[in-house]
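[1] Sequence first, then the predicted structure, then my questions.
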Amino acid sequence: MIVEEIMKTNVATLKPTDTIEDAVRLMESKRIRHIPIINNGRKVIGLVTDRDIKEATPSIFRKEEHLEDLQKPLEAIMKKNVITGHPLDFVEETAALFYEQKISCLPVVQDGRLVGIVTETDLLYTLVELTGAHQPGSQIEIKVPNRTGTLYEIAQVIRNRKANIQSILVYPDKKDDGYKILVIRVQTMNPVGLIHDLKAEGHHVLWPNIPGMPI
C-alpha cells in the first residue's frame, strides 16, 4: 500500500503571514490538529500543530490579558524544517518515519507542491484495516522456526479447515533468534478445531491457550 491511497487531499492550509488567531479558528472549524504553512506556489515552508498554538497563546485563565499574542504571524511559531513524504512512498516506511522522527503528521509533496497530508490517525485506521481487526474473526499466534516453507505448511492446515485468512503479521521471537511469531487472523468465531489441527501437525500455538488442550 502506498501513501497516495491513505492521504487526505483536501488539506487545510495557511500562509506564514496569517495570524495565530487564524490558525485557532481554522483548527476549531475543521477539527484538525495540524496546518501546513505554504507559499503562493503551494510549497510547504512550515508546519503548525495544536501544541504550537497552545504554547503560543494565553492561558484560558488569562485569556484577555495578552490578546496581542493572537495577532502574531504564524511564521513566528511555525516549524520550518518540515519532514515531507511523496504519494508513492510505502505506508510501512511512512509509519517507520513517524516512529523514528517522533512526528504526528506528514505533509505529502509532489513536484514541489503540497498534494496531501497523512496523520497518526490515518496510519492507525490503515493498520486496523490491514489487520482486519474491525471484522469478526479470531486471532491465533504461532511460534514457528525461521525457515522456508513454514507459512505454507500452516496455510495448508487453515485451508483444510476451509477458514479464510484475513491478515498475517510476522515479528521476531525476542527470546530465540531461530524462531518467529506468526499472528494470523482468521474469519471464524470458533478456532478450537483449527487450533487442534495446528497442534496435531506439530505447530506451537501460543494463543489462544485453551485449557485442557495439549500444548
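    Looks like it arrived, so ask away. Residues are numbered from 1 along each chain as shown.
[2] residue boundaries of the strands in the chain?
    Here the chain has its strands, by DSSP state E, at 34-38, 44-49, 105-110, 113-119, 138-145, 165-172, 179-186, 204-207.
[3] Okay, now the sheet partners of the fifth one, with direction.
    Spelled out, it's strand 138-145. Strand 138-145 pairs in its sheet with strand 179-186 (antiparallel), strand 204-207 (antiparallel), by DSSP bridges.
[4] Could you export the first one as CSV, keeping only the C-alpha atoms?
    This file holds the C-alpha atoms of strand 179-186, laid out as CSV (Å, rounded to 0.1, in the frame of the first residue of the first chain):
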residue,chain,number,x,y,z
TYR,A,179,12.1,-18.5,15.7
LYS,A,180,9.4,-16.0,14.7
ILE,A,181,5.9,-15.4,15.8
LEU,A,182,3.0,-15.5,13.3
VAL,A,183,-0.1,-13.6,14.2
ILE,A,184,-2.8,-14.9,11.9
ARG,A,185,-6.4,-13.5,11.9
VAL,A,186,-8.9,-16.0,10.5
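[5] can you give me the mean pLDDT across that strand?
    On average, the pLDDT along strand 179-186 is 96.
[6] if we can go back for a sec, just the strands of the chain: most buried one?
    Mean neighbour count (mean count of other C-beta atoms under 10 Å) peaks for strand 34-38 among the strands of the chain, with a mean of 24. No exception for glycine: its C-beta is placed from N, CA and C like everyone else's.
[7] so how far is it off the chain centroid?
    20 Å (C-alpha atoms, centre = their mean, to the nearest Å).
[8] got the angle between that strand and strand 113-119?
    170 degrees (axes from the mean of the first three to the mean of the last three C-alpha atoms, to 10 degrees).
[9] Show me what strand 34-38 is packed against.
    Judged by 3 or more C-beta pairs under 8 Å, 6 or more residues apart in numbering; DSSP states H and E, strand 34-38 is in contact with helix 20-30, strand 44-49, strand 113-119.
[10] I'd like the distance from the nearest residue in space to Pro73 that is not next to it in sequence to Glu75, if you could.
    Nearest in space to Pro73, with sequence neighbours left out and distances taken as C-beta to C-beta, 6 or more residues apart in numbering, is Thr17 at 5.4 Å. Plainly put, Thr17 is 7 Å away from Glu75 if you go by C-beta to C-beta, to the nearest Å.
[11] what does Gly202 give?
    Distance of Gly202 to Glu75, computed by C-beta to C-beta: 64 Å.
[12] same check, this time on His203
    In terms of C-beta to C-beta, His203 sits 59 Å off from Glu75.
[13] Quick one: end-to-end length of stretch 172-179, please.
    One end of stretch 172-179 sits 7 Å from the other (C-alpha to C-alpha, to the nearest Å).
[14] Stretch 85-98: end-to-end distance?
    11 Å.
[15] if we can go back for a sec, and Thr17 and Glu75? Which one has more around it.
    Each of Thr17 and Glu75 has its neighbours counted (other C-beta atoms under 10 Å); Glu75 has more, 15 against 10.
[16] Make sure that one is actually in contact with Ile20.
    No - judged on C-beta atoms under 8 Å, Glu75 makes no contact with Ile20 at a distance of 10.6 Å.
[17] Give me the residues contacting stretch 37-54.
    For stretch 37-54, the external contacting residues (C-beta atoms under 8 Å, 6 or more residues apart in numbering) are 13-16, 20, 23-24, 27, 33-36, 74-75, 77-80, 82, 84, 104-105, 107, 109, 112-114.
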